[in-house]
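**Q** task: produce atomic coordinates for the following.
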Amino acid sequence: KQTEKASLIVRSLVMDQIRKNPDGIPFYEDLSEEDLLYAFSPEEDFYLDEYGDPVFFVAPGTIADESLGYLTFPVPLEDIEDEL
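**A** Below is the predicted model:
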């Protein structure tokens, strides 16, 4: 139950980053939260940065052109904890 809630929180935080898009990445125009649901698994598709915060990644071609490679979305652990 807690893992499911954390996954929903992470997907929401990643979608927020996609909407804000500070790097100007050309995401697919019709990208939706449902697409993100199938694009990655928050429980598996991440690594920890040098500070111990998770960096989630999405495989090439799933939410933007394949030529962009893996897309990464750093999320401070405290942001996730605040939502739990």
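**Q** the strands in this protein, which residues?
**A** 46-48, 54-58, 71-74 (DSSP state E).
**Q** quickly run through the sheet partners of the first one, with directions.
**A** Right, strand 46-48. Each strand paired with strand 46-48, and its direction, by DSSP bridges: strand 54-58 (antiparallel).
**Q** quick check: closest non-adjacent residue to the residue minimising distance to the centre of the chain.
**A** For the chain, the residue nearest the mean C-alpha position is V14 (3.7 Å; CA atoms, centre = their mean). The shortest distance from V14 to any non-neighbouring residue, by CB to CB, 6 or more residues apart in numbering, is to F73 (4.6 Å). No exception for glycine: its C-beta is placed from N, CA and C like everyone else's.
**Q** send me the helix or strand bottoming out on mean pLDDT in the chain as CSV with only the CA atoms.
**A** The weakest-scoring helix or strand in the chain, judged by mean pLDDT, DSSP states H and E, is helix 77-83 (a mean of 86). Output of helix 77-83 as CSV, limited to C-alpha atoms (Å, rounded to 0.1, in the frame of the first residue of the first chain):
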residue,chain,number,x,y,z
LEU,A,77,13.8,12.4,-1.1
GLU,A,78,12.3,14.9,1.2
ASP,A,79,9.8,15.9,-1.5
ILE,A,80,8.5,12.3,-1.6
GLU,A,81,8.5,12.0,2.2
ASP,A,82,6.6,15.3,2.5
GLU,A,83,3.8,13.7,0.4
